[in-house]
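>>> no sequence for this one, just the structure:
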């Protein structure tokens, strides 16, 4: 066989099924197709992207469903480049400046920017003593990321991997015994400034007072590499990936809900869809781990993650969402991304962690039309409002409290100058934790997947190689949640899978739906 650039044999003739067309599944499909693998992506919904999609609502309003912050595009650009393409030829990314507007209910505001002189001036306006330490924070986190990056790129499927050279080299820089907030206290005395560099732990659904100090790199990544808006919404990225995958011969099937994974002995060898079996040499699952894997994989084939362990797993918080189509405009002061940080932020976080529905919550508003006029019809505005709330393990009666909580959130929006919007609402959709569970297949409504505490990271997180012929990709496996991290996870999963396929194992007999067409290899795609 021919040798590929990374030394693996080309894998023409091998067949892989990917369950789910989320960002991780699509990225994995691209990498496998480039290696010559016949890839079939089976997506239960009518569109690709999972929660990373953009939907058009009645009246012409457009909304991202889930992620709205697009960070560190370099990983996705590398994946496109490995496929012989340039990311910028497929997606227009607008770098935001300011990146976002932080409003502290206790007083003060920061318009975050990667211009260090301006950022220092923003910090100095509310905490003069902390401004001189801004550059020191970034310099230290630049070093931290340098040492941690090889760990993000490494698989952790054996306990020995926890003592890899990369891990041992990085450990002195990671301070695993500290929380994000504790680490930030070394630089900033004002709790508002610490929040400005710590709220990003919410991307993981975690508290900065509990989240490992490693994750100060999240805010560093924003400033060093930018916060972007993909024109058309974050769903445009998923669509671009799917379109390229199809051009490379990937068979992307929508409205194709997988019922279960099939096995020969201990090895995954296909899936059941619509009562029919499609065989494969390997299966990749891209979905909410704690919800999808127990549904699709019998307990005997997941000995490290039996039902009892899944039930005890620590989960992220959930979110209460308002997608609002507004007639008319909103104040010019409302930027693309605006975060209201509650007066007693520590109490707000404790309430979320303890399962109490906060009556003074923090919230986030995306006004995508600030940058992208295509997100609402002329003379109108689309607003995306997110409030972190407890997941469903808290036992909150969401049907009973939904209307009152909506009212509370609209009242909180007045603090951002949005006091007159209720009478101008022309479209509204609420998604509470029960809808995350029922409509989006999210376990316990925990929007950001498994928590990222030390005992649910690296080797202790569900492995990318989950079993013989069975792989995972997405926020529930290593390296974790967040789009750039999921893309990196796709590279790990694809690499491990290609190594297994290239080891020369005999292909499993392939069967499929009666009219299943043959798949093109990447060399046959146009």
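Sure thing, it's come through. The model shown is predicted, which means the values in this text are computed figures rather than measured ones.
>>> run a quick neighbour tally on the closest residue to residue 306 other than its chain neighbours.
Among residues not flanking residue 306 along the chain, residue 299 sits closest, at 5.3 Å (Cβ to Cβ, 6 or more residues apart in numbering). From N, CA and C alone the C-beta is placed, and that goes for glycine too. Other residues near residue 299 number 12, with proximity taken as other Cβ atoms under 10 Å.
>>> can you give me the pLDDT of residue 299?
At residue 299 the predicted local confidence, pLDDT, stands at 97.
>>> again, but for residue 163
The per-residue pLDDT of residue 163 was computed as 87.
>>> that one and residue 149, how far apart?
Relative to residue 149, residue 163 is positioned 18 Å away (criterion: Cβ to Cβ, to the nearest Å).
>>> please apply the same query to residue 46.
In this structure, residue 46 and residue 149 are separated by 37 Å, where distance is defined by Cβ to Cβ.
>>> neighbour count winner among the two?
The neighbour count for residue 46 versus residue 149, taken as other Cβ under 10 Å, is higher for residue 149 (14 against 7).
>>> tell me which element that one is part of?
With elements delineated by DSSP states H and E, residue 149 resides in helix 134-152, which encompasses its position.
>>> what's that helix packed up against?
For helix 134-152, the helices and strands in contact under the criterion 3 or more Cβ pairs under 8 Å, 6 or more residues apart in numbering; DSSP states H and E are helix 116-126, helix 165-174, helix 217-225.
>>> so which bits of the last one are buried?
What it means is helix 217-225. Residues of helix 217-225 classed as buried under the neighbour-count rule (16 or more other Cβ atoms under 10 Å) are 217, 218, 219, 220, 221, 222, 223, 225.
>>> do stretch 78-89 as well
Judged by neighbour count using 16+ other Cβ under 10 Å, the buried positions of stretch 78-89 are 79, 80, 82, 83, 85, 87.
>>> what's the answer for stretch 96-104, then?
Of all the residues in stretch 96-104, those buried under the rule 16+ other Cβ under 10 Å are 96, 98, 99, 100, 101, 102, 103, 104.
>>> out of these, name the ones that lie in strands.
The strands, defined by DSSP state E, take in 100, 101, 102, 103, 104 from the buried residues of stretch 96-104.
>>> show me the contacts for the last one.
Under the criterion of Cβ atoms under 8 Å, 6 or more residues apart in numbering, the contact partners of residue 104 comprise 126, 192, 195, 341.
>>> now it, which residues is it bridged with?
On the basis of DSSP bridges, residue 104 is bridged to residue 341.
>>> quick check: pLDDT value at it.
On the pLDDT scale, residue 104 is placed at 97.
>>> gap between the closest residue to residue 476 other than its chain neighbours and residue 448?
Leaving out its chain neighbours, the residue that sits closest to residue 476 by Cβ to Cβ, 6+ apart is residue 289, at 2.6 Å. Noted for residue 289: a distance of 12 Å to residue 448, by Cβ to Cβ.
>>> same question, residue 389
With the distance defined as Cβ to Cβ, residue 389 ends up 12 Å from residue 448.
>>> the stretch 201-350 of the chain: helices as residue ranges?
Listed in chain order, the helices of the stretch 201-350 of the chain (DSSP state H, counting those that start in this stretch) span residues 217-225, 235-247, 289-296, 307-312, 345-354.
>>> how far out from the middle of the chain is the last one?
How far helix 345-354 lies from its chain's middle: 22 Å, per Cα atoms, centre = their mean, to the nearest Å.
>>> tell me the angle it makes with strand 100-104.
Taking axes from the mean of the first three to the mean of the last three Cα atoms, to 10 degrees, one finds that helix 345-354 is oriented at 100 degrees with respect to strand 100-104.
>>> residues in contact with helix 345-354?
With Cβ under 8 Å, 6+ apart as the criterion, helix 345-354 contacts 191, 195, 207-210, 317, 342, 357-358, 360-362, 388-390.
>>> buried members of those into PyMOL, please.
Selection command for PyMOL covering only the buried members of the contacts of helix 345-354, criterion 16+ other Cβ under 10 Å:
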select buried, resi 191+195+207+208+209+210+317+342+357+358+361+362+388+389+390
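>>> which one of the contacts of helix 345-354 is nearest residue 29?
Each of the contacts of helix 345-354 was checked against residue 29 using Cβ to Cβ; the closest is residue 317, at 30.2 Å.
>>> who's in contact with that closest one?
With contacts defined as Cβ under 8 Å, 6+ apart, the neighbours of residue 317 are 202, 205, 206, 352, 353, 388, 389, 390, 391, 446, 447, 448.
>>> any idea how far residue 305 is from it?
Taken as Cβ to Cβ, the span from residue 317 to residue 305 is 22 Å.
>>> how about stretch 169-183: buried residues?
170, 174, 175, 178, 179, 180, 181, 183.
>>> could you dump those into CSV and include distance to residue 331?
Conversion of the buried residues of stretch 169-183 to CSV gives the following (distance: Cβ to Cβ, whole Å):
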residue, distance to residue 331
170, 45
174, 42
175, 41
178, 39
179, 36
180, 32
181, 32
183, 35
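>>> out of these, who's nearest residue 499?
Using Cβ to Cβ, residue 170 is the member of those that lies nearest residue 499, at 23.7 Å.
>>> I'd assumed residue 145 was in contact with the closest one.
No - using Cβ atoms under 8 Å as the test, residue 170 is too far from residue 145 to be in contact (10.0 Å).
>>> what sits against residue 216?
Counting by Cβ under 8 Å, 6+ apart, residue 216 touches 137, 141, 144, 180, 183, 184, 197, 198.
>>> save these as CSV, and put in pLDDT and distance to residue 75 too.
Supplementary listing: the contacts of residue 216 in CSV, determined by pLDDT from 0 to 100; distance: Cβ to Cβ, whole Å:
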residue, pLDDT, distance to residue 75
137, 96, 23
141, 94, 18
144, 92, 18
180, 94, 22
183, 95, 24
184, 96, 26
197, 95, 22
198, 94, 23
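>>> looking at the residues you listed, which one is closest to residue 281?
Nearest to residue 281 among these is residue 144, at 39.0 Å by Cβ to Cβ.
>>> for residue 170, see how far away the closest one is.
Taking Cβ to Cβ as the criterion, residue 144 is separated from residue 170 by 8 Å.
>>> which sections of the protein are below the confidence cut-off?
Per-residue confidence for the chain (pLDDT under 70) gives these ranges: 1-10, 504-526.
>>> if you set the cut-off to 50 instead, what comes out?
1-9, 506-526 (pLDDT under 50).
>>> now do the helix holding residue 149 against helix 165-174, angle only.
160 degrees.
>>> which other residues reach helix 134-152?
Applying Cβ under 8 Å, 6+ apart, the contact partners of helix 134-152 are 116, 119-120, 123, 164, 166-167, 169-170, 173-174, 184, 187-188, 197, 214, 216-217, 219-221, 223-224, 458, 479, 485, 488.
>>> re earlier: and the furthest pair within the ones in strands among the buried residues of stretch 96-104?
100 and 104 (13.1 Å).
>>> what helix or strand is residue 384 located in?
Applying DSSP H and E as the criterion places residue 384 in strand 380-389.
>>> give the other helices and strands that that strand contacts.
Contacts of strand 380-389 with other secondary structure elements, assessed using 3+ Cβ pairs under 8 Å, 6+ apart, are made with strand 61-64, strand 318-327, strand 363-366, helix 398-413.
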